[in-house]
Every structure is written in structure tokens, then in C-alpha cells.
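Chemist: coords please:
(chains A and B)
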Amino acid sequence: MAKVVETPSVEEYLRELNHLLRHVPVQLRHELVADIAEHIDEGREQGRSDREIVTALGNAESVAAPVLEEVLLRGAAPTMKRNRRVLGIVAFVTGLFAAIVSRSSDSTVINMTFGPTEMQGASINYGYSDIFAASQLLIFISLGLMVAASSVMRPRIARSYSVAAAIVMTVVVIICGTGLGMFFVPSMVAAWLLAGANNLKMGADQRDRRSRTVRIVGGIALLLPSSLAVAGILSGSVLGVGPYIFVALGLACSVGYLKSFRFAQWLACITGGLLMVMAIIDQGMLMAAFWLGGIMYFFFGLYGLLWFSDRRAVSTTVLQ
Amino acid sequence: MFEQREKIATNIRKGVLEYCVLGSLSSGDKYGLELAEQLTELNLTAGEGSLYPLLARMKAAGLVETQWHEGGTGRKRKYYSITAHGHQMLNEFRAVWTEIAGQVEQILGGQNGEGS
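Modeler: Numbering: from 1, shown residues only, chains lettered A, B, ... in the order given. All right, here's what the predicted structure looks like:
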């Protein structure tokens, strides 16, 4: 006697299939479910019973299995793996950086005008007890670790986790405000980039479209600081060769970025890193501007390095 | 005994299904159910549903393309047709299949004692 297995209704079948395909790029998922739905309609018109149709289709798991396998394979693909690793390292380093800087800048942020000047930058503890300072540092570092962790998780878990981590970082930035919060902005951006890198649902086409948008927005954004420098030069408020060098640098980054040149992405990345370091060391009047500008240069550059060349890599593997 | 036979057959079918689809389409465009029925009838696929992920993959690989045509009943149907690249792959497969089938036959025939 064959075991009696209850056949799901057509609606149940389609709902189950749709649910099983939830990690699959949206377009592919819709297309497959639509194909099966059409198959069912067609079968009904030819006088097949629902039960016959569903039995002939085979269970929803076996229909979804090859697609899921492919998506998971893509999750383990070298580029995706590399991007996740790189972003994990960036998230950790920026987190560490933020933890140390936010601790050491404590007095400059809080007592900018009131604190004893000889204390500023002299001691990382500012008279707090060592335990207090150390635990505060640990809490700040754990934020960076939290963000970086998703880069070593299994792809399916990593997606939900990294989105949650990115939301937490955003809340941290907002709560900490313009003082301390600013130092966590790189961590926050890295967290959102990781959330994107962990997105298995995004097909190659969608990725390309996003890259194109980032390229145009980035190209324009990278030009903005230069235009400020130009304004500064014209109004005579900035002096020396520095501004001229920066204008040239910004122009090279911007145009190269729009043209998707590799060197421009590296240049933006390095310029951004230098600007950020400069902002911290200098702690001058324009600290926030340099810091945020640096973040912008660094991450646009990084995005380009990680994703812009994808297309060429993919098309060559298809051709082979 | 039957189970083992089924297992062997499933494994082989898995590798050739894609080319059977191309072969079927090379004699004319078909819509999903038509293709599914033909392949199930020939026992080439166990579940009709698993054909659609395969077709989607083949479409992405440029082996087949789809068009919406009005069928006999007046509703729009998604028809699959083979591309030039698909034809090329089908010809490659034909050559490989003939070669392997001959080689397998040769060695199995020999083991039966018929060869020597």
C-alpha cells in the first residue's frame, strides 16, 4: 500500500514555493512562481484536476532546491567572499579607530573651551578611573566587533544579522550626536555596506544598476570638497599650495570615478583615509568637515574597488 | 533492485535533461506545460515543476529565449525557443553523446563476454 500523502491545494503549493524562494533574487522568484502558476492554469484548462497537477509538479522543495543551491553557491563565490572579508576588516579597523578616538577626544568634545588646555590629548583617561576608561573602551570596541562579525557568518544568517547590526550602529550614531557619534559614522557606513554585501537576493542586473547610481552620485560628491576649496581660493580665505593640490586631487578622483578608472578608486580611498587621519591629528577648526569628507572619499573609493569591476569578472566567466 | 535502477537512471537523466530540452525545442517552440508533458511522458524528468528552474537557468545562459504568443484558447502563453547558442550546444552534446554511448557500449559489451 502506498502511503497516503496529503496533496496541498494549488494555493498552498504556490505559497509554499514562494516562501521557500525567499532568499532568491526577487525577479527570479517572481518569474518562477508565475511560471508554475501558469503551468497550473494551463493544466486546469486541459481538464486536469488540481490534485493531478500538484502531484505531477513534484513537491515544492524539489522545485526550489536547484535555485537555492545556485544562490548559495553565489554566496560562496570568490568575489562575494572577498568583499565580505574586506568589509569585515574595514568594519573592525574603523570600529577600533572610533573606540580609541572617541575615548581620547572626550575632553576636546566636552570641554572644548573649558577644559585645562594642558590636559587635552595628554592622557587618555582624563582623570577617570582606569577600570571605567577600559570598560568604556571595550564597549566601544565591541561595536566594531559586532559589525565585523557578519563577514564570517554563513551567508543566509549574515544578511539578517548585518542589517540588524547596521541599524544598531545608526542608532548609536544618532544617540551619540554630533560629538561622539561622528566617530562612529565610518563603522555605520561599513555596517550598511556589509549588509549590502551579504544580500544574496540582489541579482547581477540590480547590482549593476546600483553601481551605476553610486558611480554618478560618487563622482559628483567627490567634486564637492574641491569646489569648496575653489571657493576658498577665490575668496582668498585659504592660502598656500595646499588648496590647489586638493582641487587637483578632487578633480582627478571625481572624473576618474565617473569613468570607473581603477586608479581613481584607489586615489579616493587613500585620500579619504589621509583626510580622516589628518582630521584626528589636527583637531582643528574644520575637523568635522575633514573627517566627514574623508569618510566620503574613503567609502566611495572602497565601493568602487569592491563592486565596479564585478561586471567584467562575471562576463568573462560566462564566456569561458 | 528497482530502486537501484531508478537511482542510476535519475543520475544520468540529471546530466542530459538540459540537452533533451534543447532537442525538444529544436523541433519547434513549446510552452511550459507542453514541454513538461513531453519530458514526463518519456520519463526524462520526475517532477514537472523542476523543469522551470532549469528553463530559467537556460534562459539566463542564453540557450533559450521566451516570447508571449496567443495560444489556441485565446490566452497568452509563454513560449520557449532555442537560440543559436542553444543549437550550437545541442550539436556539441550530440557529438559527445554518440562518443560516450559508443565507449560505454564497447566496454559493457566486452564484460558480457560478447566482445572477446
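Chemist: Apart from its chain neighbours, what residue comes closest to the closest residue to chain B within chain A?
Modeler: With Cβ to the nearest Cβ, the shortest gap between chain A and chain B falls at A:Gly58, namely 2.1 Å. To be clear about C-beta, it is placed using only N, CA and C from the backbone, and glycine gets the same treatment. Closest residue to A:Gly58 apart from its sequence neighbours, by Cβ to Cβ, 6 or more residues apart in numbering or on different chains: B:Gly47 at 2.1 Å.
Chemist: quick one: that neighbour is in a strand?
Modeler: No - judged by DSSP: H, G, I helix; E, B strand; the rest coil, B:Gly47 forms no part of a strand; its state is coil.
Chemist: got the contact list for A:Ala190?
Modeler: A:87, A:90-91, A:94-95, A:147, A:299 (Cβ atoms under 8 Å, 6 or more residues apart in numbering or on different chains).
Chemist: hmm, try it at 10 Å
Modeler: Taking Cβ atoms under 10 Å, 6 or more residues apart in numbering or on different chains, we find A:Ala190 in contact with A:87-95, A:144, A:147-148, A:151, A:165-166, A:169, A:295, A:298-299, A:302.
Chemist: now the residues you listed: which count as buried?
Modeler: Among the contacts of A:Ala190, those scoring as buried are A:87-88, A:90-92, A:94-95, A:144, A:147-148, A:151, A:165-166, A:169, A:295, A:298-299, A:302 (criterion: 16 or more other Cβ atoms under 10 Å in any protein chain shown).
Chemist: how about residue 78, phi and psi?
Modeler: Chain wasn't specified; assuming chain A. The phi/psi pair for A:Pro78 (degrees, to the nearest 10) reads phi -50, psi -50.
Chemist: could you do chain B instead?
Modeler: Backbone phi and psi, for B:Lys78 under degrees, to the nearest 10, turn out to be phi -90, psi 110.
Chemist: still on that earlier bit, so the residue of chain A closest to chain B makes contact with B:Pro53?
Modeler: No - the pair A:Gly58 / B:Pro53 is not scored as a contact, 11.4 Å apart, by Cβ atoms under 10 Å.
Chemist: between the two, which one's more packed in?
Modeler: Higher neighbour count among A:Gly58 and B:Pro53: B:Pro53, with 24 against 16, using other Cβ atoms under 10 Å in any protein chain shown.
Chemist: Go through the strand or helix carrying the more buried one and flag the buried ones.
Modeler: For B:Pro53, the host element (DSSP states H and E) is helix B:51-60. The neighbour-count check on helix B:51-60 (16+ other Cβ under 10 Å) flags B:51-58 as buried.
Chemist: Can you report how many residues lie near A:Leu20?
Modeler: A:Leu20: 17 surrounding residues under other Cβ under 10 Å.
Chemist: Oh, that last question was meant for A:Pro186, not what I typed.
Modeler: 26.
Chemist: tell me, how many neighbours does the residue nearest to A:Gly58 end up with?
Modeler: For B:Gly47, using other Cβ under 10 Å, the count is 16.
Chemist: Relative to A:Ala65, how far out is it?
Modeler: 10 Å (Cβ to Cβ, to the nearest Å).
Chemist: now B:Ile100
Modeler: On the measure of Cβ to Cβ, B:Ile100 and A:Ala65 end up 27 Å apart.
Chemist: between the two, who's got more neighbours?
Modeler: A:Ala65 (14 against 10).
Chemist: For that one, which residues are in contact?
Modeler: By Cβ under 10 Å, 6+ apart, the contact set of A:Ala65 is A:20, A:59, B:50, B:53.
Chemist: Kindly reformat those residues as CSV containing distance to A:Val238 and pLDDT.
Modeler: Putting the contacts of A:Ala65 into CSV (distance: Cβ to Cβ, whole Å; pLDDT from 0 to 100) gives the following:
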residue, distance to A:Val238, pLDDT
A:Leu20, 60, 89
A:Asn59, 70, 88
B:Ser50, 67, 88
B:Pro53, 61, 92
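Chemist: any idea which of the residues you listed is closest to A:Glu70?
Modeler: Nearest to A:Glu70 out of those is B:Pro53 (Cβ to Cβ; 8.3 Å).
Chemist: Could I get the contacting residues of the closest one?
Modeler: Applying Cβ under 10 Å, 6+ apart to B:Pro53 gives the contacts A:21, A:24, A:28, A:32, A:35-36, A:62-70.
Chemist: Next: A:Val33.
Modeler: A:14-15, A:17-18, A:21, A:63, B:52 are the contacts of A:Val33 under Cβ under 10 Å, 6+ apart.
Chemist: again with A:Ala191
Modeler: The neighbours of A:Ala191, taking Cβ under 10 Å, 6+ apart as the test, are A:87, A:91, A:94-95, A:143-144, A:146-148, A:150, A:162-170, A:172-173, A:184.
Chemist: redo that, cut-off 8 Å
Modeler: Residues near A:Ala191 by Cβ under 8 Å, 6+ apart: A:91, A:147, A:162, A:165-166, A:168-170.
Chemist: B:Gln67: which element?
Modeler: strand B:64-70.
Chemist: do that strand and chain A meet at all?
Modeler: No - Strand B:64-70 stays clear of chain A (Cβ under 8 Å from any Cβ of the partner chain), getting no nearer than 9.6 Å.
Chemist: If you count neighbours, what's buried in that strand?
Modeler: Within strand B:64-70, the residues that qualify as buried by neighbour count (16+ other Cβ under 10 Å) are B:64, B:66.
Chemist: For it, which strands pair with it and how are they oriented?
Modeler: strand B:76-82 (antiparallel) (DSSP bridges).
Chemist: Now for A:Val189: which residues touch it?
Modeler: A:Val189 is in contact with A:295, A:299, counting by Cβ under 8 Å, 6+ apart.
Chemist: Could you rerun that using 6 Å?
Modeler: A:Phe299 (Cβ atoms under 6 Å, 6 or more residues apart in numbering or on different chains).
Chemist: now the helix or strand that contains it: how far from the chain's centre is it?
Modeler: Per DSSP H and E: A:Val189 is located in helix A:185-197. How far helix A:185-197 lies from its chain's middle: 4 Å, per Cα atoms, centre = their mean, to the nearest Å.
Chemist: what's the answer for stretch B:13-21, then?
Modeler: Relative to its chain's centre, stretch B:13-21 lies at 4 Å (Cα atoms, centre = their mean).
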